[in-house]
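**Q** would you be able to build a 3D model of this:
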Amino acid sequence: MLTILSALIGFAGPFVPELLKFFKQKEDNKHELAVLALQAEAAKSAHTYKMDEIGIQADMVEMQTLHQPQQSFGVQILDAAKDWPKFLIVPVFYLFAFLDIISGLVRPVVTFSVVGFYLVYKYALFDMARSTGNIWQQAATMVWNENDLGILFLVLGFYFGARTVKATFGGSSNTGRAGGG
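**A** From the prediction side, this is the model:
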């Protein structure tokens, strides 16, 4: 029996290093695949980070462009009309100054109109609630709901958030200097 066992070990002996090499190569391949997977994940993460960075930079450029002061048409006409006859300059300047005023009033008029309609609607609801015999405290709580609270926080967040962003990144909301100074 010992002779057969010795013969088998002798026969299998040369294959042991090759078998060990095979298992070592298998572990090395598994390790390489894990490293490649981690590198691919890191590259994907770096790509996502770079795309986010590009998006943020584009948003910043857009905000800077949107917040640049609007050039007045009247001033542009005066700059371009150096060799125009004097009787044409004044009426054209006043026409474009009037258009500048109208253009500057569009957003405030729309905003105040929407707020005015909202307040009239809420007052009408309040008046209807009062006419059914409720005291004013009950009527006010019947008119005010979660949507109104959401609108209030949206408006407050917009105005105070915009002031904070401007003071932090684009100059003080009061002085125009960076950092709120």
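**Q** how many neighbouring residues does M128 have?
**A** By other CB atoms under 10 Å, 13 other residues sit near M128. (C-beta placed from N, C-alpha, C; glycine too.)
**Q** distance of N29 relative to L19?
**A** N29 is 16 Å from L19, where distance means CB to CB, to the nearest Å.
**Q** and what of S45?
**A** In terms of CB to CB, S45 sits 39 Å off from L19.
**Q** again with N134
**A** 90 Å.
**Q** more neighbours, those two?
**A** Neighbour totals were compared for N134 and L19, and N134 leads with 15 against 10 (other CB under 10 Å).
**Q** run through the strands of the chain in chain order.
**A** Using DSSP state E, no strands are found in the chain.
**Q** could you measure from the most centrally placed residue in the chain over to T65?
**A** A centroid search over the chain (CA atoms, centre = their mean) returns D59, at 7.0 Å, as the residue closest to the centre. Distance of D59 to T65, given as CB to CB: 11 Å.
**Q** just M128 next, same as before
**A** Look at M128 and T65: by CB to CB, they are 46 Å apart.
**Q** which sections of this protein are below the confidence cut-off?
**A** For the chain, the stretches with pLDDT under 70 are 2-3, 5-9, 11-13, 15, 163, 166-181.
**Q** let's see it at 50
**A** For the chain, applying pLDDT under 50 flags the ranges 173, 176, 179-181.
**Q** all helices of it, in order?
**A** 2-12, 15-66, 73-80, 86-131, 136-143, 146-169 (DSSP state H).
**Q** pull the number of nearby residues for A124.
**A** There are 11 residues near A124, going by other CB under 10 Å.
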